[in-house]
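*Asks:* coordinates only, sequence not included:
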């Protein structure tokens, strides 16, 4: 259950990271409310996952999910570059997340 909570927390992190782009510096009400809500949910879920998982593992996986998801959505939604080097680095983050899951 802790790993599911951590996955959900990571997905909420992706949501708030992408949401920041749409808030336009927190000048747009609805995107700002949704972004702040996603932040709160992400933190709450991370906190619940930390009841069971080691802090170093949980934090690394949480930020990794956020980084990978945000980078991929940046490519898809905002036209960020999708170079081979960039995609390889995203792959390394995914490998690190998988490795932490395997050894925890």
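*Replies:* Perfect, I can see it now. These figures come from a predicted structure and were not determined experimentally.

*Asks:* from here on, just use CA atoms for contacts and neighbour counts.
*Replies:* Fine.

*Asks:* for the residue nearest to the spatial centre of the chain, which residues are in contact?
*Replies:* Taking Cα atoms, centre = their mean, the centroid of the chain lies closest to residue 66, which sits 1.7 Å from it. When contacts are counted by Cα atoms under 8 Å, 6 or more residues apart in numbering, residue 66 is found next to 10, 11, 13, 14, 17.

*Asks:* pLDDT and distance to residue 88 added to these, as a markdown table?
*Replies:* Formatted as a markdown table, these follow (pLDDT from 0 to 100; distance: Cα to Cα, whole Å):
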| residue | pLDDT | distance to residue 88 |
| --- | --- | --- |
| 10 | 98 | 20 |
| 11 | 98 | 21 |
| 13 | 98 | 22 |
| 14 | 98 | 19 |
| 17 | 97 | 21 |
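
*Asks:* let me know the closest of the residues you listed to residue 48.
*Replies:* residue 10 (12.7 Å; Cα to Cα).

*Asks:* how about the closest one, phi and psi?
*Replies:* phi -60, psi -40 (degrees, to the nearest 10).

*Asks:* same check on the one 3 residues further on?
*Replies:* Recorded main-chain torsions at residue 13 are phi -60, psi -40, according to degrees, to the nearest 10.

*Asks:* what helix or strand does the closest residue to it other than its chain neighbours sit in?
*Replies:* The shortest distance from residue 13 to any non-neighbouring residue, by Cα to Cα, 6 or more residues apart in numbering, is to residue 66 (5.3 Å). Element membership for residue 66 (DSSP states H and E) is helix 55-78.

*Asks:* next one: residue 53
*Replies:* Per DSSP H and E, there is no helix or strand for residue 53.

*Asks:* if I pick it, what's in contact with it?
*Replies:* residue 2.

*Asks:* neighbours around residue 84, how many?
*Replies:* Look at residue 84: counted by other Cα atoms under 10 Å, it has 9 neighbours.

*Asks:* same deal with residue 1?
*Replies:* 9.

*Asks:* what residues of the helix holding residue 66 count as buried?
*Replies:* Buried residues in helix 55-78, counting neighbours by 16 or more other Cα atoms under 10 Å, are found at 58-59, 61-74.
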